[in-house]
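Novice: Generate a structure from the sequence data that follows.
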Amino acid sequence: MKHATVRNLHRDLGYFYLGLIISFALSGILMNHRDMWHPEKYTVETRPVNVGPIDEAAVTEKYAKDLGEKLQIKDKFRRHNVKKGNLRLSYEKHDVEIDLKTGEGEVVAFKNTPLISQTMKLHKNTSNWWIYYSDIFGLSLILIAVTGAFMIKYGNFTFKKRGWKLAVAGLVFPLIFLFLLA
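Specialist: Numbers count the residues shown, from 1 in each chain. Reported below is the predicted structural model:
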C-alpha cells in the first residue's frame, strides 16, 4: 500500500470515528469507577423513613416489593439484599437502605445524569445493529493503529527502529494486570 494511501486512510478513519472514540473513552473511564459512585445517576432527593424493626428471616422478594409500595415507590423494582444488617432495595429511579434493627433508613431518588448516562449506554447496548457497528468500529481502531504505526517512513522513530518496542510494551502492560494483579 502506498504511503500516501496509508496516511489518507489513517486520517479519514480518525476523523470519522473521532466522536465515538472520545465517547467510548469517557464512558469507559466512568464505568471503571462505577462502584465508587453512580456516574449515570445523580441524587435529586433524599428522605428519611422509619418502618420499624425488620426480622431478617421475613425479608423475601415479595416483602421487599410490598415495602416499596408502602414507601410509595412506583418505579420498576430491580432487586433486594441484606448486607451488614441493612436491607437494600434497588429500583429504577430509587435506592432504599434501612437498618433492620431500628427500621430507620432513607429513600434516595435520582435521575439520569444528562449526556453521561446516554454515553455509558454505548458500552451496555446489546442490540444487533449496535453490536455490528461496534465490531466495525473495533476493527477500524485496529486499522487506525496499524496505519499510524507505519506513517513515519524515515529516521529514528520508525516502527522498525523504535515503534515495535513501544508496541510490545503496550501489549505487555495490560497482560501484567490481567494475569498478575487481577
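Novice: and the residue nearest the centre of the chain, what helix or strand is that in?
Specialist: What sits nearest the mean C-alpha location of the chain, by Cα atoms, centre = their mean, is residue 31, with 2.8 Å. If you go by DSSP states H and E, residue 31 is part of helix 3-32.
Novice: mind listing what's buried in that helix?
Specialist: The neighbour-count check on helix 3-32 (16 or more other Cβ atoms under 10 Å) flags 6, 9-10, 13, 17, 23-24, 26-27, 30-31 as buried. In short, each C-beta sits where N, CA and C put it, glycine included.
Novice: for that helix, the distance to its chain's centre please.
Specialist: In terms of Cα atoms, centre = their mean, to the nearest Å, the centre of helix 3-32 is set 19 Å apart from its chain centre.
Novice: Check which helices and strands it is in contact with.
Specialist: Applying 3 or more Cβ pairs under 8 Å, 6 or more residues apart in numbering; DSSP states H and E, one finds that helix 3-32 contacts helix 116-124, helix 128-149.
Novice: Those: lowest mean pLDDT?
Specialist: Here the lowest mean pLDDT among the helices and strands packed on helix 3-32 goes to helix 116-124, at a mean of 73.
Novice: which of the residues in it are buried?
Specialist: 116-117, 119-120, 122.
Novice: Figure out the helix or strand that the nearest residue to residue 101 once chain neighbours are set aside lives in.
Specialist: Closest residue to residue 101 apart from its sequence neighbours, by Cβ to Cβ, 6 or more residues apart in numbering: residue 53 at 6.0 Å. For residue 53, there is no helix or strand it lies in under DSSP H and E.
Novice: Please parse the protein into its domains.
Specialist: Using automatic domain parsing, the domain ranges for the chain come out as 3-35+115-181, 41-112.
Novice: By mean pLDDT, show me the worst of the ones you listed.
Specialist: domain 3-35+115-181 (a mean of 81).
Novice: What's the separation between residue 32 and residue 26?
Specialist: 11 Å (Cβ to Cβ, to the nearest Å).
Novice: nope, residue 44 is what I was after
Specialist: 23 Å.
Novice: just residue 137 next, same as before
Specialist: For residue 137 relative to residue 26 (Cβ to Cβ), the value is 15 Å.
Novice: Then residue 50?
Specialist: 41 Å.
Novice: got it, and residue 117?
Specialist: Applying Cβ to Cβ, the value for residue 117 to residue 26 is 12 Å.
Novice: can you check residue 84 too?
Specialist: 33 Å.
Novice: What of residue 7?
Specialist: According to Cβ to Cβ, residue 7 and residue 26 sit 27 Å apart.
Novice: got it, and residue 6?
Specialist: Taking Cβ to Cβ, one finds residue 6 at 29 Å from residue 26.
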